[in-house]
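>>> structure of the sequence below:
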Amino acid sequence: MGRWSPANRPSPEEAREFLASKGFRIEVEQLSSSLYKVVIWGPGGKAYEEKCEHSAGYSPSAVMDFLKSCGILENELPDLLMCIQVLIESSLPPRFRFVLEDGTIIEPEASDGLAVNPAMLFIKHEGKIIVGELTYLKSKVTLPKRRKNEEPRTIECYEPYLVFAEYNGSSFKPDFKPLRKLEFIDVDGLPIRLIWRGKATSPLKTVMQLRTIGEFKKGAIAPSFKELFSEALGNVKKFIDFWWDKRLYTLSAIYSMATYFADFFTAFPFLYFYGPPGTGKTRAGKTITLMSRRGFVVTDPSEASIFRTAEAFKPTFLFDESITSKGLWKLVRAAFKAGVQVPRVTKVKGEYFELTFFDPYSPYIFASTETPEELGGSEADITRTIMITMKFGRDPSGRDPVPSDFTSFREKMYLARLTRAHEVVAAIEKVKRLPIAQQLTGREKEVWLPLLTIASLIGEDVLSEILSLAAEMFEAKKLELYRNERLIIEALDRLMQEEAQETLSGDTILQFYAKDVYAVLREILVLDRQELSEKQFERLWSTKRIGKLLSRMGFKGRLHMGIKRYHITRSELEDLKQKYFFNINTENIEKSGGFGGFGVFPGERGTPERNPPIHEPEPSEATMPGGFPRTLPLSPENPPNTPNPPEISKQTENLIERERKIEQLYRYIEYNLPMPGQLLTFMNLNGISVEALAYLIRSGRIIECKRSGGVRFIPTYFFDARTPSTDLMQRGGTCTENLGSEG
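Numbers count the residues shown, from 1 in each chain. All right, here's what the predicted structure looks like:
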């Protein structure tokens, strides 16, 4: 009869003392959040070791064999096994077991712990780095016998596989496993649960190939990032003509490289090719997408198909003029940041529903003639986007790219993801500490961090190019964002000058109603600037809309005689000007091929380089005939004034008589206007009179368009791809004579 029984168990202290009296002791070491190592030391230094996840995970029979090997007699075994069980249960998490009425047994094993989608396997855990790549390969699958007399069945199909590397410092161990019925992978004792709800029956043409997997298993290392960038740059130049700013080649090449490491970052930017028909948006989008990690061109998207595709592949999406619903934009908006879970409810049976969560995080590329707002998005979507405004140019290759054009580059990048992951992880932390990168804050830092990280691995010159573009595009976004808020601030500024009162503290305070702002806005837009007619203004603006804008800007009005009254001090108004970029320095404006192109960081030159001459060779001077600058110069030390076109007289009859002069003005707008929606701002900055705009509208060169509830003036070349053709580009928008002061 033993000393203890299941009804009379020893305490952990009693168990420890009893084992010590027999020459035994137990050590428990936690290897990870869900894995433990149990070591039983016996007399003479003998030891038994076992790894387990919970108190019921060790093998009692193996422990009993170890005790016997230490010379323990049969009658002593029950007490020793009881003490060992008590100490293991006190040190390891318990294992629960439930038996239901129908005989079903349920045993909870662990919390969620480390769980990943194999399509984006990247884990940094307790000093380890595990990085993987999902691919599909044509496979021969032999199924086991289902009956004794049945022959094994062999089928051919596309099977998913997981290729992964476990890093120890800069060295790594390669591995490769099929995903059929694979729910966990164990990496050096670390169990990783694979969450994967979508399996494709046919693969993408841009996934990793078997040949590259073989090289990876043999220990092959990818070329350096500098070599990979050189190949990417050649691919971009083969299909895209960024004649107006050579830095866009660098930007596009680095974006495609960064997609292979998207899951290394907490956010990844959208790339948006914007412009009129015929400017090469689709060709540019396809080029970058097919160079990217698992590139996938979406032809007819729906919310369900995007969810499923993102879950199955985590591809680099290309939407070509295909997003038209606000529901899809909500999904895309959630895809900017990693870890954002989108709930989906599906009916299973009867009244039962199943709630699942999808992570849509993935790189997204767009090609469209319309802005995100016009497609159903919001103003905030611009902040998540790197936008490239396309211009008319030549077609370098004469065709659209196909996946096979970039097979060699993709395979090298897949190998780089697996074999150079440690370099990217180190570069991320390095870039975050760069003083010049710290000038980008908030959303802009999230947008540019992936590209800056890859650029830093290529070289300082490439990093400087990307930094200059980041600064310019950030300044350009300030003009595009918060247009309505800046109009409200301008109206409040006028009201402050006319109706404000002094306070006891010496500050100036303004009390106003939404109708006061409405009246001043009418004065600004209709009477002073003549941007809108009375009917247009009434269609676009109302006191209700102004009230919503004021609420969005943080104003909290109080009811006064049944109407909401607001107040603001002079210091608060100045803070709003800073917040909404009201006082933007326009002296640094330069002609750039990006979203708009505004000044760079101090001490750096941002002058865009051109390709070798593919159009007419550059003239000896920097001006076109007629005095218009071809490229607006940039000088950080002494920024030039905004270039002035020839003055336009208010006498419209002279403009009609000299139609060629207006054609010159039209060409000036064509080659300097950043975006069609910025025409009025552009004319104000360049001192072009309203009468000139009226003539251009009357002559059919400018069209009044209704977009997203608003009115925009769009040059006709944004609608007709044939007007500013390659022939026109070759002529460089030649102006035959100076307009002169008489208009």
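
>>> for the rest of this, base every contact and every neighbour count on C-alpha atoms.
OK.

>>> and for the residue nearest to Leu693 when sequence neighbours are not counted, the neighbour number?
The shortest distance from Leu693 to any non-neighbouring residue, by Cα to Cα, 6 or more residues apart in numbering, is to Ile702 (7.8 Å). Using other Cα atoms under 10 Å, the number of residues around Ile702 comes to 21.

>>> partner residues bridging Ile702?
Pro715 (DSSP bridges).

>>> can you pull the pLDDT of it?
Per-residue pLDDT puts Ile702 at 78.

>>> again, but for Val342
Confidence score, pLDDT, at Val342: 77.

>>> show me where the stretch 301-450 of the chain has its strands.
All strands of the stretch 301-450 of the chain, identified by DSSP state E, counting those that start in this stretch, fall at 316-320, 342-349, 352-358, 364-368, 385-389.

>>> which other helices and strands contact the first one?
Strand 316-320 is packed against helix 281-291, strand 295-298, strand 364-368, with contacts defined by 3 or more Cα pairs under 8 Å, 6 or more residues apart in numbering; DSSP states H and E.

>>> mind putting these into a markdown table with mean pLDDT and distance to Phe225?
What follows is the helices and strands packed on strand 316-320, written out as a markdown table (pLDDT from 0 to 100; distance: least, Cα to Cα, whole Å):
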| stretch | mean pLDDT | distance to Phe225 |
| --- | --- | --- |
| helix 281-291 | 95 | 15 |
| strand 295-298 | 90 | 20 |
| strand 364-368 | 91 | 23 |
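
>>> tabulate those (JSON lines), appending distance to Val38.
As requested, the helices and strands packed on strand 316-320 are arranged in JSON lines below (distance: least, Cα to Cα, whole Å):
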{"stretch": "helix 281-291", "distance to Val38": "49"}
{"stretch": "strand 295-298", "distance to Val38": "47"}
{"stretch": "strand 364-368", "distance to Val38": "48"}
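
>>> for Leu540, find the nearest of these.
Closest of the helices and strands packed on strand 316-320 to Leu540 is strand 364-368, at 24.9 Å (criterion: Cα to Cα).

>>> orientation of that closest one relative to strand 316-320 in degrees?
Per axes from the mean of the first three to the mean of the last three Cα atoms, to 10 degrees, the angle that strand 364-368 makes with strand 316-320 is 10 degrees.

>>> the closest residue to Ser91 other than its chain neighbours: how many residues sit nearby?
Computed as Cα to Cα, 6+ apart, the closest residue to Ser91 that is not its neighbour in sequence is Val28, at 7.0 Å. By other Cα under 10 Å, 17 other residues sit near Val28.

>>> check Ser404 too.
Ser404 has 13 nearby residues by other Cα under 10 Å.

>>> lowest average pLDDT across the strands of the stretch 301-450 of the chain?
Mean pLDDT, when computed for each of the strands of the stretch 301-450 of the chain, is lowest for strand 342-349, at a mean of 69.

>>> wait, Pro191 sits on Leu114?
Yes. Pro191 lies in contact with Leu114 (Cα atoms under 8 Å); the separation is 7.4 Å.

>>> what about the two, which has more around it?
Neighbours per residue (other Cα under 10 Å) separate Pro191 from Leu114, with Pro191 holding more: 19 against 14.

>>> please name the nearest non-neighbouring residue to the more buried one.
Ile185 (5.8 Å).

>>> for that neighbour, list each beta-bridge partner.
Going by DSSP bridges, Ile185 forms beta bridges with Ile192.

>>> so who does it touch?
Contact partners of Ile185, counting by Cα atoms under 8 Å, 6 or more residues apart in numbering, are Pro191, Ile192, Arg193, Leu194.

>>> switch to 7 Å and redo it
Going by Cα atoms under 7 Å, 6 or more residues apart in numbering, Ile185 touches Pro191, Ile192, Arg193.

>>> any idea of the pLDDT on it?
78.

>>> do Phe598 as well
Phe598 is given a pLDDT of 29.

>>> and if you look at Tyr668?
69.

>>> what's the answer for Ala471, then?
So, for Ala471, pLDDT stands at 83.

>>> what angle do the strand or helix carrying it and strand 385-389 make?
Take DSSP states H and E as the rule and Ala471 turns out to sit in helix 460-480. Interaxial angle, helix 460-480 versus strand 385-389 (the same axes, to 10 degrees): 90 degrees.

>>> quick one: Val517 and Ala491 touch, right?
Yes. Using Cα atoms under 7 Å, Val517 makes contact with Ala491 at a distance of 6.0 Å.

>>> need the contact partners of stretch 23-36.
By Cα under 7 Å, 6+ apart, stretch 23-36 touches 19, 37-43, 51-53, 91, 190.

>>> sort out which of those residues are buried, if you could.
Leu19, Lys37, Val38, Val39, Ile40, Trp41, Gly42, Lys51, Cys52, Glu53, Ser91, Leu190 (16 or more other Cα atoms under 10 Å).

>>> list the contacts of Asp528.
Contacts of Asp528 by Cα under 7 Å, 6+ apart: none found.

>>> look up phi and psi at it.
phi -80, psi -60 (degrees, to the nearest 10).

>>> from Leu521, how far out is it?
10 Å (Cα to Cα, to the nearest Å).

>>> can you name the residues bridging to Tyr513?
Residues in beta-bridge contact with Tyr513 (DSSP bridges): Arg565.

>>> in this structure Phe406 contacts Arg293, no?
No. Under the criterion of Cα under 7 Å, Phe406 makes no contact with Arg293, lying 11.1 Å away.

>>> give me the more crowded residue out of those two.
Neighbours per residue, other Cα under 10 Å: of Phe406 and Arg293, the larger number sits with Arg293, 30 against 19.
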